[in-house]
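J.: fold the following.
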Amino acid sequence: MNAPAVSFSESLDLGRIADFPILSNPIRGKRLVYLDNGATTQKPQSVIDSDSSFYLNSNANIHRGVHWLSQHATDLYEQGRDLVRRLLNAADSNEIVFTRGTTEAINLVAYSWGRARLRAGDHVVVSALEHHSNIVPWQLVCEQTGAELKVIPINDAGELDMAAYRQLLGPQVRMVAVTHISNALGTVNPVAEITRLAHEAGALVLVDGAQAVAHQVVDVQQIGCDFYAFSGHKLYGPTGIGALYGRHELLQSMPPWQGGGDMIRTVSFERSTYADVPQRFEAGTPNIAGTIGLGAAIQYVLDIGLDTIAAHEHALLDYGTAALQGVPGLKIIGNAADKAGILSFVIEGIHPHDLGTILDMDGVAIRAGHHCAMPVMTRFGIPGTARASLALYNTRDDIDALVRSIGAAQKMFGVER
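T.: I've put the predicted structure just below:
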């Protein structure tokens, strides 16, 4: 089955596909159609080269050495921090803390801020759209402090019930932790409005930006949030590296959550004093090469332009939505009015895991399961979905291949109409 003809933006130079070496590697003898970008993105040659270049030319530990290599490595590492500042439009590089990824960044806030500030009777508000990484840390801290977790419900389209959110807000709410873009449904939440309402109620706001930073312009000053977390590997960067933005005065008021080298000012057996932010939260030798690689990935998307990437992906989302809606027995889960490049769906008569396995035989890589968002699946009464998630290197040909492979799976299961 061929996808229907719809308007498509050619604003992105599709020659960029050649920047990603893995995309030229066949899978099971077929062209790789990589549609699992919500889980992790592929890496451009510039990011791959940055890793090799560091170990070939610049390898040393940072911050503490007086020799040239250490100072050079420190400069490269701190350049990565400034690139994160640029990406998020943070006011100062000292508001950027490097972490292993979104999960660690949220845990940092939950444990450093939450354990010190939350008390019995306080409320933490999350949404029904959250990834487990923005649920479980808050549950653990609530159990330790006596605070309560409250949940913003969603409607049948997968959008937040903002009226219910307003009712949840009150003097007991200390933190609102919400995703910018749902990894399971693609819903784009109105994070600036969410933040404004939370601040009016006296609460802080953490935004999980894991699915946002690679797909649209993010401006933390415009959003107004207090914390913003993301992972490098979803932004065409290395695994094991991410960042937390936090307003400087908040970070400065928070105690360390890990102890070790480079996060201290003085140490004695009687007591220790701690470094200023961001070093206070970066104990031990960090992922230096990963940080430099993250900087290379950020430079890559900034050179293309996030507005250009967003336009390309939105046009491709429209094309893919129209194509999948034409598949008999297929139902898209999540139809928010404001949606990013995620197509989550179920097919009558085929379990998502079976579909993912069959598509893989055609070289089509999708995700199948609950996507670490089990409450979302519970809300829709399903065990999981098949999820095709888009990136700047995807094309209409990829969508066409997805639709053809779905048709072949339906024929195999005898459920085509």
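J.: alpha carbons only for contacts and neighbour counts from here, please
T.: Fine.
J.: sketch out the helices for the protein, chain order is fine.
T.: According to DSSP state H, the chain carries its helices in the segments 45-53, 68-88, 102-108, 115-117, 136-145, 162-168, 191-200, 220-223, 248-253, 288-304, 306-325, 352-361, 374-380, 396-413.
J.: can you list the ones you listed in CSV and add mean pLDDT?
T.: Shown next, in CSV, are the helices of the chain (pLDDT from 0 to 100):
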stretch, mean pLDDT
helix 45-53, 97
helix 68-88, 98
helix 102-108, 98
helix 115-117, 96
helix 136-145, 98
helix 162-168, 98
helix 191-200, 98
helix 220-223, 98
helix 248-253, 97
helix 288-304, 98
helix 306-325, 96
helix 352-361, 97
helix 374-380, 97
helix 396-413, 96
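J.: nearest to Ala184, out of those helices?
T.: helix 374-380 (7.5 Å; CA to CA).
J.: who touches that closest one?
T.: Helix 374-380 has contacts (CA atoms under 8 Å, 6 or more residues apart in numbering) with Ala128, Leu129, Glu130, His132, Asp156, Ala184, His370, Pro383, Gly384.
J.: one more time with 7 Å, if that's ok
T.: Under the contact criterion CA atoms under 7 Å, 6 or more residues apart in numbering, helix 374-380 has outside partners Ala128, Leu129, His370, Pro383, Gly384.
J.: so the third one touches Ile382, yeah?
T.: No - with contact defined as CA atoms under 7 Å, His370 does not reach Ile382; the gap is 8.9 Å.
J.: between those two, which one's more packed in?
T.: His370 (20 against 14; other CA atoms under 10 Å).
J.: and the gap between that one and His353?
T.: 10 Å (CA to CA, to the nearest Å).
J.: repeat for Ser182
T.: Using CA to CA, Ser182 is found at 21 Å from His353.
J.: higher neighbour count, these two?
T.: For Ser182 versus His353, neighbours defined as other CA under 10 Å are more numerous around Ser182 (29 against 16).
J.: just give the nearest non-adjacent residue to that one, would you?
T.: Leu129 (6.0 Å; CA to CA, 6 or more residues apart in numbering).
J.: what's the burial count for the one you found?
T.: 32.
J.: just Arg119 next, same as before
T.: For Arg119, the count of nearby residues is 18 (other CA under 10 Å).
J.: surely it touches Gln144?
T.: No - the pair formed by Arg119 and Gln144 falls short of the contact definition of CA under 7 Å, at 9.1 Å.
J.: determine the number of other residues adjacent to the closest residue to Asp338 other than its chain neighbours.
T.: Excluding the flanking residues, the one nearest Asp338 by CA to CA, 6+ apart is Val188, at 5.5 Å. Counted by other CA under 10 Å, the residues lying close to Val188 total 21.
J.: return the residues in contact with Val188.
T.: With contacts defined as CA under 7 Å, 6+ apart, the neighbours of Val188 are His180, Ile181, Ser182, Asp338, Lys339, Ala340.
J.: mind checking how far the second one is from Ala163?
T.: Yep, that's Ile181 we're talking about. Ile181 is 19 Å from Ala163, where distance means CA to CA.
J.: so the two - more neighbours on which side?
T.: Neighbour count, other CA under 10 Å: between Ile181 and Ala163, Ile181 has more, with 28 against 10.
J.: ok, back up a step: for the residue nearest to Ser182, grab phi and psi.
T.: Backbone geometry at Leu129, expressed as degrees, to the nearest 10, gives phi -90, psi 0.
J.: quick one: it and Glu143, what's the gap?
T.: Remark: distance between Leu129 and Glu143 (CA to CA) = 21 Å.
J.: ok, Arg367 next?
T.: The gap separating Arg367 from Glu143 is 32 Å, by CA to CA.
J.: check which residues of stretch 372-380 are buried.
T.: By neighbour count on 16 or more other CA atoms under 10 Å, the buried set for stretch 372-380 is Ala373, Met374, Pro375, Val376, Met377.
J.: including distance to Ser268, could those go into CSV?
T.: Converted to CSV, those look like this (distance: CA to CA, whole Å):
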residue, distance to Ser268
Ala373, 45
Met374, 46
Pro375, 47
Val376, 49
Met377, 51
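J.: closest one of the residues you listed to Val346?
T.: Ranked by distance to Val346 (CA to CA), those are led by Met377 at 11.3 Å.
J.: I figured Gly232 hits Gly295, correct?
T.: No - between Gly232 and Gly295 there is no contact under CA under 7 Å: 9.1 Å.
J.: what about these two, which has more around it?
T.: Gly232 (29 against 26).
J.: the nearest residue to Leu32 once chain neighbours are set aside: how many residues sit nearby?
T.: Closest residue in space to Leu32, ignoring its immediate chain neighbours: Gly363 at 4.9 Å, by CA to CA, 6+ apart. Using other CA under 10 Å, Gly363 is surrounded by 20 other residues.
J.: ok, Gly363 to Pro44 distance?
T.: Note on Gly363: its distance to Pro44, by CA to CA, is 20 Å.
J.: thinking again about what came up before, inside strands: which ones of the contacts of Val188?
T.: With strands taken from DSSP state E, there is no overlap with these.
J.: out of those, which one sits closest to Ser272?
T.: Nearest to Ser272 among the contacts of Val188 is His180, at 37.5 Å by CA to CA.
J.: might one say that the closest one is in contact with Val207?
T.: Yes - under the criterion of CA under 7 Å, His180 makes contact with Val207 at 6.1 Å.
J.: need the overlap of contacts for these two.
T.: Here His180 and Val207 have no joint contacts, going by CA under 7 Å, 6+ apart.
J.: give the contact list for Glu200.
T.: By CA under 7 Å, 6+ apart, the contact list for Glu200 is empty.
J.: let me see the domain layout of this protein.
T.: Using automatic domain parsing, the domains assigned to the chain come out as 14-41+305-413, 48-303.
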